[in-house]
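In: Here is my input; please provide its structure:
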Amino acid sequence: RDGQQCLGDFKCDDVSLVCLQLFHIAGIDWAVFALLSGGTTVLLPEVDPAAAVAAIAYYAVTKLLLVPAVVRMILERLEQTPADTTSVTTLCFGASPMPEALLSRARRAFPGAAMIHVYGLSETAGMFTYLPPEAAKDSRYILSCGVPFPSGYVAVVDDLGQPVGAHVRGEIVYRGPQLMNGYWNNADATSAVVKDGWFHTGDIGYRDQNGYLYVCDRLKDMVKSGDENVFPAEVENVLSKHASVADVAVIGVSDATWGESVTAVVVLRPGANVDLKQLRTFARTELASFKLPRRLIVTETLPRNAAGKVLKHVLRAAAESPQATATVSHKLEC
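Out: Predicted structure coming up:
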């Protein structure tokens with residue numbers, strides 16, 4: 001009920017579009033929110049940007065929950081085939097970081113929609129933080145996933161489980177009524193992530209001086225280059241602004257000198273071309289030198305799971321194994 005009220009207060013005349021799979025927590029959450037309000041739910045059998053755009057216009061959809069990858073697909077469809085999106089009053093997004101450039105495009109495509117960044121996991125029955133619409137209008141919070149729902153608590157802790165101060169990065173932990181009882185028949189796995197009633201998400205983030213939460217990246221995806229830690233989402237956010245880049249993922253690839261080499265895997269826009277030197281020059285104004293990509297891989301598509309998250313282990317295998325190069329078209333070194 002917290003989520004239903006915080007995410008635009010669902011009403012009986014709302015029309016909600018569900019195009020994420022119902023076996024995923026995001027899809028079933030969104031469907032249940034609409035059902036509880038007595039509103040209308042439009043179900044699509046799969047993520048199909050053309051069908052989603054058509055449904056938004058035909059059914060006058062008011063509420064959307066999308067992952068950034070699907071946002072990008074829908075925006076590309078709208079740019080090719082414009083449609084009426086003025087009915088949309090709420091666009092929630094989460095599951096992976098939303099690049100600033102993509103968020104700006106979404107705001108132009110859905111001019112009447114409140115953009116609400118949410119954050120959560122399957123273990124927490126889905127989203128447990130949200131960025132209030134009034135805060136979303138403040139440029140200071142453009143990348144924040146907001147504050148916890150009223151019934152829950154969020155903290156950021158160090159390696160010893162102790163809370164850290166504002167703007168200090170650590171692991172995000174959650175406590176509240178949405179937390180799972182445990183993993184089915186796996187007490188060891190449960191005790192590894194639930195400690196003293198706090199669920200350890202495995203995500204790295206920080207809170208600002210006003211308590212707003214920012215998710216930096218998955219702990220396991222952090223690239224360790226030399227003695228520096230590089231958060232891929234930060235690099236991806238910058239590279240996604242390049243005019244030639246349609247989609248991008250950043251991974252760490254084994255490197256004899258640096259331990260791991262920052263590697264950009266890029267999908268180019270139709271007819272576009274870019275090399276590593278151009279990308280590094282472009283990103284240098286916003287990123288420290290150790291965060292700049294040392295390798296570039298150009299591919300036709302990024303592998304994703306049903307929730308729209310990039311399968312970075314697949315990309316790492318493709319980048320490191322001579323037998324797994326089918327997904328890349330070329331590599332450049334720096």
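
In: What helices and strands are in contact with the one helix or strand Glu236 maps to?
Out: When elements are assigned from DSSP states H and E, Glu236 belongs to helix 232-239. For helix 232-239, the elements it packs on are strand 213-218, strand 245-255, strand 259-268, helix 276-283, judged by 3 or more Cβ pairs under 8 Å, 6 or more residues apart in numbering; DSSP states H and E. For the C-beta atoms, the positions are set from N, CA and C on the backbone; glycine is no exception.

In: Now mean pLDDT too, for the ones you listed, in a markdown table please.
Out: Formatted as a markdown table, the entries for the helices and strands packed on helix 232-239 read as follows, by pLDDT from 0 to 100:
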| stretch | mean pLDDT |
| --- | --- |
| strand 213-218 | 86 |
| strand 245-255 | 90 |
| strand 259-268 | 91 |
| helix 276-283 | 94 |
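
In: Could you dump the ones you listed into CSV and include distance to Val194 and mean neighbour count?
Out: Supplementary listing: these in CSV, determined by distance: least, Cβ to Cβ, whole Å; neighbours: other Cβ atoms under 10 Å:
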stretch, distance to Val194, mean neighbour count
strand 213-218, 18, 21
strand 245-255, 28, 21
strand 259-268, 30, 21
helix 276-283, 39, 17
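
In: can you put the ones you listed in TSV and add distance to Leu160?
Out: As requested, the helices and strands packed on helix 232-239 are arranged in TSV below (distance: least, Cβ to Cβ, whole Å):
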stretch	distance to Leu160
strand 213-218	19
strand 245-255	25
strand 259-268	24
helix 276-283	34
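
In: Surely Ala246 touches Gly271?
Out: No - the criterion here is Cβ atoms under 8 Å, and Ala246 misses it with Gly271 at 11.0 Å.

In: before we move on, the earlier item: run the angle between the helix holding Glu236 and strand 259-268 for me.
Out: With axes from the mean of the first three to the mean of the last three Cα atoms, to 10 degrees applied, the angle from helix 232-239 to strand 259-268 works out at 40 degrees.

In: Not counting helix 232-239 itself, show me its contacts.
Out: If you take Cβ atoms under 8 Å, 6 or more residues apart in numbering as the criterion, helix 232-239 is touched by 97, 99-100, 143, 215-217, 221-223, 245, 248-252, 262, 264, 266, 279, 282-283, 286-287, 291-293, 312.

In: okay, the angle between that helix and strand 213-218?
Out: Computed by the same axes, to 10 degrees, the angle between helix 232-239 and strand 213-218 is 100 degrees.

In: Centre of the chain to helix 232-239, how far?
Out: The gap between where helix 232-239 is centred and where its chain is centred comes out at 12 Å by Cα atoms, centre = their mean, to the nearest Å.

In: Next: stretch 290-298.
Out: On Cα atoms, centre = their mean, the centre of stretch 290-298 falls 21 Å from that of its chain.

In: So for stretch 27-40, what gets flagged as buried?
Out: Buried residues in stretch 27-40, counted by 16 or more other Cβ atoms under 10 Å: Gly27, Ile28, Asp29, Trp30, Ala31, Val32, Phe33, Ala34, Ser37, Gly39, Thr40.

In: Can you lay out the residues you listed as TSV showing pLDDT and distance to Thr81?
Out: Formatted as TSV, the entries for the buried residues of stretch 27-40 read as follows, by pLDDT from 0 to 100; distance: Cβ to Cβ, whole Å:
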residue	pLDDT	distance to Thr81
Gly27	85	25
Ile28	87	30
Asp29	84	29
Trp30	87	24
Ala31	87	27
Val32	86	31
Phe33	84	29
Ala34	82	26
Ser37	85	31
Gly39	89	27
Thr40	93	24
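
In: Now, these that are in helices?
Out: Within the buried residues of stretch 27-40, membership in helices is found for Gly27, Ile28, Asp29, Trp30, Ala31, Val32, Phe33, Ala34, Ser37, as judged by DSSP state H.

In: any idea how far the first one lies from Val67?
Out: Counting by Cβ to Cβ, to the nearest Å, the gap between Gly27 and Val67 amounts to 10 Å.

In: Mind listing the shared neighbours of the two?
Out: Here Gly27 and Val67 have Leu20 as joint contacts, going by Cβ under 8 Å, 6+ apart.

In: residue closest to the middle of the protein?
Out: Within the chain, the residue whose C-alpha comes closest to the C-alpha centroid is Ser96; the distance, by Cα atoms, centre = their mean, is 1.3 Å.

In: wait, what's in contact with that residue?
Out: Taking Cβ under 8 Å, 6+ apart as the definition of contact, the neighbours of Ser96 are Val67, Pro68, Ala69, Gly308, Lys309, Val310.
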